[in-house]
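**Student:** turn this into a model:
(chains A and B, ligands or ions: 1)
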Amino acid sequence: MNAPTSMGARPPHLLDFQDWTPERLGAILDNADTMLQVLDRPVKKVPALQGLTVCNAFFENSTRTRTSFELAARRMSADVLTFAAGASSVSKGESLRDTLEVLTSYKVDAYIVRHHAAGAAHLVARYSGKPVINAGDGRRAHPTQALLDAYTIRQEYGSLEGKKIAILGDIRHSRVARSNAELLPKLGAQVVLCGPATLLPPGLAKMPGVTLTTDPREAVRGAHAVMALRLQRERMAGGFLGSLQEYADTYQVNDTLLQEAESGAIVLHPGPMNRDLEISSDAADGPQSRILKQVENGQAIRMSVLYHLLVGRN
Amino acid sequence: MITITNIKRVGSEKTESVTIEGGLIKGWNLPEEGQVIDGQGGTVAPALIELHAHLREPGQTEKEDLSSGLAAAAAGGYGTVVSMPNTSPVVDDPAIVRTLIEKAAGLGFARLRPAAALTKGQKGEELAELTYLKEAGAAMFTDDGRTNENARTLRLGLETAGSLGMVISVHAEDATLRADGVMNEGPVSEALGLPGNPAAAEAARVARDIEIVAGLHAQGVPARLHVQHLSTARALDLVRAAKAQGLPVTCEVCPHHLTLTDEALRSFDAIYKVAPPLRTQADADHLLEGLRDGSVDCLATDHAPHTRAEKERDLLDAPSGIAYIELAFPLMFTRFGETLGLERILDLMTAAPARVMGWDAPTLDAGAKADLVILDLSTERPVNPAEFRSKAKFTPWAGETLKGWPVLTIVDGRVAYRR
Ligand SMILES: [Zn+2]
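**Tutor:** From the prediction side, this is the model:
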């Protein structure tokens, strides 16, 4: 696939959205439509990545994301090598670089990387010299999640231009929030990040198209999409919150809060949910919810990203 | 006996020679005697003094050892190095101090003046045997590598060290405010999703320590506090105010905090991970102003070598530290030769650290100790880490063209380094 030059050079990796033009991002979203059609066929497989080996390098456990990527790669006919840290020598003190040297000897063509440290996917890109898809690095980025969120919103409204997207929860520790805050404004949306002051770092207000508020009603007012983030119960131990109940009473995405939003606003959640903590069951299961749609779209987006990064290279 | 010919003193165009005998400067422009070394028109200065280096011996010699670290120091123009005690075991035992000094003396590189731990095991709770450590040759006391969380212990240490005429130097950082921070807290750390270490962690700790000193000073207790690797504008303002009140507080600044900022972390390269972290350009500018107006007492490098494999870890996992004792002077001279001037830079790296420690001012007069360096102020050379004497053969400034490289370092009248 030789893209027109107006889209900018094709970035070799999807680490975050720094080097991505709106045109290239649009191409990934457009291509996901085709992938969704593939997923509707009786035989859900295309030969696009035949002969390539994709390594799912998961230094941090995440069954959902790993499964989604694995399936996406297999449906594109790639061979998949799965590396999961817990079961390997990483827990015995082997460094990221050592591990990569071993994986490289298996003749891997591309890496999908999940790691607890921000920047780890960048290091894999530097050390391996192969295309890398970031499947979540610490608090830094989770670009395919943001792409599937953007795709889900676009499905609803046709475009992100001028849309207001409210993201509520533990912004501080969230790679999903950071990736969406980077991506959605590039596609023309405004992003409002909202959470308790202890979980809302003021530095994020420097990102273009992003505003911050601790007031959930203000955040949601006039929003076209409202996203609740998973609240890690361990945050209590970190002293960030008075109590989980206090959090739920103030920041939970529920039908009352959604009344502030644009009518018909959709509800998103990256999963897995803590029901009745950051999101009420009414909101999660109601007619405005697109949470299951997100999972389905995740497949298509990951296939599209693999296609975009790997097909036609060399 | 050594005669070094063809050299110039700072501020003079006159070509001179100096003769060295028995570890002392015998005199200037005497008839050539003994080994004659051509100084190639270089500028002569007292050998540099480093108050803050991690030489990693004993116990961490995969990172550095006395031989590699002191050779690196000599190559950087240093004649004296104060080593930090956060080794394995910790330097909290007079026998270790003696062993280090003896071993270093036999190497013929820079002179070692080890700092000893302030507390047993650097645990911050019980004072080490400061009297015995001083007798063994300890140059100062510090729990650097850790922070002094127990304020009362620090106070007791200041009282004891003060009575011994010794300096306590502190890594001033409130560990609870620092929390899990791995870089400066601000828009860059937030954009990168890396845990931030706020400037307040340093400033709050400096404020606390100054208050302890002020309390002792008011009672006539001779406490001497030195703030290590000061990195923030607000902490510097606190030190400046303390000095204005006549309090016995000094501070050092590291060239990496003057020349690099948190923007460097955008590379996610742990080579830039250092404690305290690289701050903002505004902080760096403020520190430079402090060097100019005298509120910063001296420069120190906090030479902190680690293995390449350790620094190739991710930013959460990698240890903190940058090692560059070999290029500290060229870096300062190249970047700030115009703004600060050669004389001020040399003062900050020679007489100023001596003043902090209460040591005799280094001079080049006849009869003085023959610790000197010849600097080539004009030849530009790219930084080549492969040539480092240090075991840490990598640096943020690799490939950068610098001038001011040492060509000869004399320590105790002997050649410790010659290019
Ligand atoms: Zn320190």
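**Student:** pLDDT score for the residue positioned nearest the centre of chain B?
**Tutor:** By C-alpha atoms, centre = their mean, the mean C-alpha position of chain B lies nearest to residue B:300, the distance being 2.7 Å. As predicted, residue B:300 sits at a pLDDT of 98.
**Student:** OK, contacts around it?
**Tutor:** Residues counted as contacts of residue B:300 (C-beta atoms under 8 Å, 6 or more residues apart in numbering or on different chains) are B:50, B:51, B:52, B:228, B:229, B:252, B:253, B:254, B:353. Every residue, glycine included, has its C-beta placed from N, CA and C.
**Student:** mind listing what's buried in stretch A:59-79?
**Tutor:** For stretch A:59-79, the neighbour count (16 or more other C-beta atoms under 10 Å in any protein chain shown) marks A:59-60, A:62, A:65-66, A:68-76, A:78-79 as buried.
**Student:** now whatever residue of the stretch 1-150 of chain A ends up closest to the ion: closest residue in space, sequence neighbours ignored.
**Tutor:** Going by C-beta to the ion, the ion is nearest to residue A:117 of the stretch 1-150 of chain A, at 22.8 Å. Spatial nearest neighbour of residue A:117, chain neighbours left out: residue B:314 (3.6 Å); criterion: C-beta to C-beta, 6 or more residues apart in numbering or on different chains.
**Student:** helix/strand/coil for that neighbour?
**Tutor:** Assigned by DSSP: H, G, I helix; E, B strand; the rest coil, the conformation of residue B:314 is coil.
**Student:** residues contacting it?
**Tutor:** A:96, A:115, A:117, A:118, A:119, A:120, A:123, B:268, B:270.
**Student:** for the second one, give me the pLDDT.
**Tutor:** Residue A:115 is assigned 94 on the pLDDT scale.
**Student:** now do the last one
**Tutor:** At residue B:270, the predicted lDDT confidence score is 96.
**Student:** run a quick neighbour tally on it.
**Tutor:** 25 (other C-beta atoms under 10 Å in any protein chain shown).
**Student:** how about the nearest residue to residue B:141, chain neighbours excluded?
**Tutor:** The nearest residue in space to residue B:141 (C-beta to C-beta, 6+ apart) is residue B:118, at 4.3 Å.
**Student:** so the one you found sits against residue B:155, correct?
**Tutor:** No. Between residue B:118 and residue B:155 there is no contact under C-beta atoms under 8 Å: 11.4 Å.
**Student:** quickly find the element holding the residue positioned nearest the centre of chain A.
**Tutor:** With distances taken as C-alpha atoms, centre = their mean, the residue of chain A nearest its centroid is residue A:145 (1.7 Å). Assigned by DSSP states H and E, residue A:145 belongs to helix A:143-157.
**Student:** coming back round to it: just give me the closest of the contacts of residue B:314 to residue B:36.
**Tutor:** residue B:270 (46.8 Å; C-beta to C-beta).
**Student:** wait, that closest one sits on residue B:312?
**Tutor:** Yes. Using C-beta under 8 Å, residue B:270 is in contact with residue B:312, at 7.1 Å.
**Student:** give me the common contacts of those two.
**Tutor:** residue B:318.
**Student:** where does the stretch 101-250 of chain B get nearest to the ion, which residue?
**Tutor:** Counting by C-beta to the ion, the stretch 101-250 of chain B gets nearest the ion through residue B:171, at 3.6 Å.
**Student:** what sits against that residue?
**Tutor:** Counted by C-beta under 8 Å, 6+ apart, residue B:171 has contacts B:142, B:143, B:144, B:145, B:146, B:147, B:148, B:228, B:229, B:275.
**Student:** quick one, phi psi at the closest residue to residue B:350 other than its chain neighbours?
**Tutor:** Of all residues not flanking residue B:350 in the chain, residue B:46 sits nearest, at 4.6 Å (C-beta to C-beta, 6+ apart). When read as degrees, to the nearest 10, the backbone of residue B:46 gives phi -60, psi 150.
**Student:** wouldn't the residue of the stretch 1-150 of chain A closest to the ion be in contact with residue B:273 here?
**Tutor:** No. If you go by C-beta under 8 Å, residue A:117 and residue B:273 don't touch, sitting 11.4 Å apart.
**Student:** quick check: neighbours shared by these two?
**Tutor:** residue B:315.
**Student:** per-residue confidence at the residue of the stretch 101-250 of chain B closest to the ion?
**Tutor:** 98.
**Student:** state the distance from it to residue B:145.
**Tutor:** For residue B:171, the distance to residue B:145 equals 7 Å [C-beta to C-beta, to the nearest Å].
**Student:** related to what we said a few turns ago, and the ion, which of the contacts of residue B:171 contact it?
**Tutor:** Taking C-beta under 5 Å from the ion as the test, the ion is in contact with residue B:144 out of the contacts of residue B:171.
**Student:** picking up where we left off before, isn't the residue nearest to the centre of chain A right next to residue A:271, touching?
**Tutor:** No. Counting by C-beta under 8 Å, residue A:145 does not reach residue A:271; the two are 9.4 Å apart.
**Student:** thinking again about what came up before, the more surrounded of residue B:118 and residue B:155?
**Tutor:** Set residue B:118 next to residue B:155 and count neighbours by other C-beta under 10 Å: residue B:118 wins out with 30 against 18.
**Student:** OK, contacts around the more buried one?
**Tutor:** Applying C-beta under 8 Å, 6+ apart, we find residue B:118 in contact with B:127, B:128, B:130, B:141, B:142, B:143, B:148, B:153, B:154, B:157, B:161, B:168.
**Student:** for residue B:368, give its distance to residue A:283.
**Tutor:** For residue B:368 relative to residue A:283 (C-beta to C-beta), the value is 80 Å.
**Student:** who has more neighbours, these two?
**Tutor:** Per other C-beta under 10 Å, whichever of residue B:368 and residue A:283 has more neighbours is residue A:283, with 23 against 15.
**Student:** in which helix or strand does that one reside?
**Tutor:** According to DSSP H and E, residue A:283 maps onto helix A:281-285.
**Student:** which outside residues touch that helix?
**Tutor:** Taking C-beta under 8 Å, 6+ apart as the rule, helix A:281-285 contacts A:228, A:253, A:254, A:255, A:258, A:267, A:269, A:273, A:275, A:289, A:291.
**Student:** which among these end up buried?
**Tutor:** A:228, A:253, A:254, A:258, A:267, A:269, A:273, A:289, A:291.
**Student:** and the residue nearest to the last one when sequence neighbours are not counted, what does it touch?
**Tutor:** Ranked by C-beta to C-beta, 6+ apart and with sequence neighbours excluded, the top spatial neighbour of residue A:291 is residue A:269, at 5.0 Å. Shown in contact with residue A:269 (C-beta under 8 Å, 6+ apart): A:227, A:228, A:229, A:230, A:278, A:279, A:284, A:291, A:294.
**Student:** out of the contacts of residue B:118, which comes closest to residue B:336?
**Tutor:** For the contacts of residue B:118, the nearest to residue B:336 is residue B:142 (26.8 Å; C-beta to C-beta).
**Student:** state the number of residues packed around the nearest residue to the closest one once chain neighbours are set aside.
**Tutor:** Ranked by C-beta to C-beta, 6+ apart and with sequence neighbours excluded, the top spatial neighbour of residue B:142 is residue B:169, at 4.4 Å. Residues lying near residue B:169 (other C-beta under 10 Å) number 30.
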